[in-house]
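Undergrad: generate coordinates for the sequence data below:
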Amino acid sequence: MADPTIQTFCCHHANGTDMAVTIMEEFNTDAYNAVCLFSSCLGILGAVYQILPRQEFANKHRWLSFSAARGRKIIVWLAVADLLASLGVFTRSTIWINYKNIMPAVEDDSSVVFCAISSALIQYFYTVTWIWTLIYAIDMRLILSEKASKTLYYHLVAWILPAVLTTVGLSLLYLPDANCHTASSLNSAVLRILPNYIATYVPIATVMIANPCLYRHSTKDMEQIITSASGQFTSREREILDAIKVKFSVINFVFYLCWVPNLLNGILLWTLWFHLPAEWIIAIWYIMALMNPLQALFNCMVYRRWRNGSEKIILPWRKVEGSFPTARSPQSRESLTSSVREEILPLLQTAQSVNGYRNYW
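TA: Next up, the predicted model:
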């Protein structure tokens, strides 16, 4: 998981009096790592499924083809970042269980290095997922405005900004000696630890605030488009808009579900540091260990609908075996059904023609 509190455990602990050590005395690290392994495995499966190549079918409506191609590209990069983050959690937990300690001993430099590097990579890739989640909402507005995609800028922001945030936050925490628990004063401790919390929680909070606003404006834009295209607003148009609102709401809900525990953990730590409820903090850590990697699995569900006729997942082993038959034979189509899964394009759902506005969502 991506949490500044766990990252402080990578530091050397010169004695057993600091708060982190006190909490760790009540913390079952094996159970925690087991939860991380379970959730990261599910996250890996969800991300891989999302990345699998698709066979796309052309649609006569220009809005469909336009939004499908752009949305698909962003979703794939989001899934790639999710996959790498989940792999990082899985690898770190596996090694922690078998070889390393979560909290390194005083002279255990190798564990400090491993913990710091693995935490940095996990932090980086999860920050990338937050940025891609925000970019998807931004691009939806551009699509509805028929504006060109800013692909180059998307990649620059999505990959460079997380690198800067992660590097600054963790460098101040670990350098030069990875003794973040032995600061000489409270002010120096805050200056060393707080920047990493800011670098982590500001992107999360930004997505939580910005995405609902962006999707709300996108819904209004969609209403104007449908009204101007059909000249009226009947119950069928209302059904389409309601489906769009539900879709956007579920996307927002999933992000909140996965990352609100992290914000809650940070708030409790910084407001109740001298009177920390250890049991509550540990319970939140378990929730984070479960929900953070599951973001990849949930994204696999919320960014698409399982309907026929839009695109099909191409299973690599079927493709290699040459088992894809021609579409001309009825028998071939039945065979094809058993080897691929059909799904709707991102944020779109099959609908009947609405006054000439066919299959928009």
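
Undergrad: hey, let's count contacts and neighbours off CA atoms from now on
TA: Will do.

Undergrad: is it correct that Ser149 is in contact with Ile138?
TA: No. Applying CA atoms under 8 Å as the test, Ser149 and Ile138 come out as separate, 10.0 Å apart.

Undergrad: out of those two, which sits in the busier spot?
TA: Under the criterion of other CA atoms under 10 Å, the comparison of Ser149 against Ile138 puts Ile138 first, with 17 against 14.

Undergrad: doesn't Asp221 make contact with Leu241?
TA: No. At 10.5 Å, Leu241 does not count as touching Asp221 under the criterion of CA under 8 Å.

Undergrad: between these two, point out the one with more neighbours.
TA: A direct count of neighbours by other CA under 10 Å for Leu241 and Asp221 places Leu241 higher, at 18 against 15.

Undergrad: list the contacts for the more buried one?
TA: For Leu241, the contact set (CA atoms under 8 Å, 6 or more residues apart in numbering) comprises 219, 222-223.

Undergrad: in strands only, show me those.
TA: When the contacts of Leu241 are checked against strands using DSSP state E, none is located there.

Undergrad: which residues does Leu263 contact?
TA: Tyr201.

Undergrad: where does pLDDT dip in the stretch 101-250 of the chain?
TA: Under the criterion pLDDT under 70, the flagged ranges of the stretch 101-250 of the chain are 101-108, 178, 181-186, 188-189, 229-232.

Undergrad: so what's the model's average confidence on the host helix or strand of Leu42?
TA: Here Leu42, judged by DSSP states H and E, is contained in helix 29-51. The pLDDT scores in helix 29-51 average 94.

Undergrad: quick one, phi psi at Ile313?
TA: Main-chain torsions, Ile313, degrees, to the nearest 10: phi -80, psi 130.

Undergrad: longest single helix anywhere in the chain?
TA: When the chain is parsed with DSSP state H, its longest helix is helix 186-230.

Undergrad: work out the gap between it and the centre of the chain.
TA: 14 Å (CA atoms, centre = their mean, to the nearest Å).

Undergrad: following that helix, which helix or strand shows up next?
TA: Next in sequence after helix 186-230, counting helices and strands by DSSP H and E, comes helix 235-271.

Undergrad: could you check the angle helix 186-230 makes with that following helix?
TA: On the basis of axes from the mean of the first three to the mean of the last three CA atoms, to 10 degrees, helix 235-271 is oriented at 180 degrees to helix 186-230.

Undergrad: okay, buried residues for stretch 266-278 please.
TA: Within stretch 266-278, the residues scored as buried using 16 or more other CA atoms under 10 Å are 266, 269, 278.

Undergrad: tell me which residues in the one helix or strand Thr166 maps to are buried?
TA: Using DSSP H and E, the element containing Thr166 is helix 151-174. Neighbour-count burial for helix 151-174 flags 154-155, 158-159, 161-163, 165-167, 169-174 (criterion: 16+ other CA under 10 Å).

Undergrad: test for you: state the pLDDT assigned to Arg358.
TA: We have a pLDDT of 40 for Arg358.

Undergrad: contacting residues for the residue nearest to Val207 when sequence neighbours are not counted?
TA: Using CA to CA, 6 or more residues apart in numbering and skipping residues adjacent in sequence, the residue nearest Val207 is Leu134, 5.7 Å away. Contact analysis of Leu134 by CA under 8 Å, 6+ apart lists 207, 210-211.

Undergrad: which secondary structure element is home to Leu134?
TA: Going by DSSP H and E, Leu134 is in helix 109-144.

Undergrad: go through that helix and flag the buried ones.
TA: 109, 111-116, 118-144.

Undergrad: rewinding a little: and the buried residues of helix 151-174, which two are the farthest apart?
TA: Maximum pairwise distance in these, criterion CA to CA, is 29.9 Å, between Tyr154 and Tyr174.

Undergrad: can you pull out the low-pLDDT segments for the stretch 251-361 of the chain?
TA: Residues of the stretch 251-361 of the chain meeting the criterion pLDDT under 70: 305-311, 316-361.

Undergrad: just to revisit the earlier point, what's the helix holding Leu42 packed up against?
TA: helix 62-98, helix 278-302 (3 or more CA pairs under 8 Å, 6 or more residues apart in numbering; DSSP states H and E).

Undergrad: now the angle between helix 62-98 and the last one, please.
TA: Here helix 278-302 runs at an angle of 140 degrees relative to helix 62-98 (the same axes, to 10 degrees).

Undergrad: hang on, the earlier thing: chain center to the helix holding Leu42: distance?
TA: Centroid displacement of helix 29-51 relative to its chain, using CA atoms, centre = their mean, is 13 Å.

Undergrad: how about stretch 251-265?
TA: Distance of stretch 251-265 from its chain centroid, counting by CA atoms, centre = their mean, is 10 Å.

Undergrad: same question for stretch 84-99.
TA: Distance, centroid of stretch 84-99 to centroid of chain: 18 Å (CA atoms, centre = their mean).

Undergrad: what do you get for stretch 117-136?
TA: For stretch 117-136, the distance to the chain centre is 8 Å (CA atoms, centre = their mean).

Undergrad: circling back: so for the helix holding Leu42, what gets flagged as buried?
TA: Those would be 29, 32-37, 39-51, for helix 29-51 by 16+ other CA under 10 Å.

Undergrad: CA atoms of that helix as PDB?
TA: Extracted in PDB, the C-alpha atoms of helix 29-51 (Å, rounded to 0.1, in the frame of the first residue of the first chain):
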ATOM      1  CA  THR A  29       3.100  -8.300  10.600                       C
ATOM      2  CA  ASP A  30       2.500 -11.800   9.100                       C
ATOM      3  CA  ALA A  31      -1.200 -11.200   9.000                       C
ATOM      4  CA  TYR A  32      -0.700  -7.800   7.400                       C
ATOM      5  CA  ASN A  33       1.600  -9.200   4.700                       C
ATOM      6  CA  ALA A  34      -0.900 -12.000   4.100                       C
ATOM      7  CA  VAL A  35      -3.600  -9.400   3.400                       C
ATOM      8  CA  CYS A  36      -1.200  -7.500   1.100                       C
ATOM      9  CA  LEU A  37      -0.500 -10.700  -0.800                       C
ATOM     10  CA  PHE A  38      -4.200 -11.500  -1.200                       C
ATOM     11  CA  SER A  39      -5.300  -8.100  -2.300                       C
ATOM     12  CA  SER A  40      -2.300  -7.600  -4.600                       C
ATOM     13  CA  CYS A  41      -2.900 -10.900  -6.400                       C
ATOM     14  CA  LEU A  42      -6.500  -9.700  -7.100                       C
ATOM     15  CA  GLY A  43      -5.200  -6.400  -8.200                       C
ATOM     16  CA  ILE A  44      -2.700  -8.000 -10.600                       C
ATOM     17  CA  LEU A  45      -5.500 -10.100 -12.200                       C
ATOM     18  CA  GLY A  46      -7.700  -7.100 -12.600                       C
ATOM     19  CA  ALA A  47      -4.900  -5.000 -14.200                       C
ATOM     20  CA  VAL A  48      -3.900  -7.800 -16.600                       C
ATOM     21  CA  TYR A  49      -7.400  -8.200 -17.700                       C
ATOM     22  CA  GLN A  50      -7.700  -4.500 -18.300                       C
ATOM     23  CA  ILE A  51      -4.600  -4.500 -20.400                       C
END
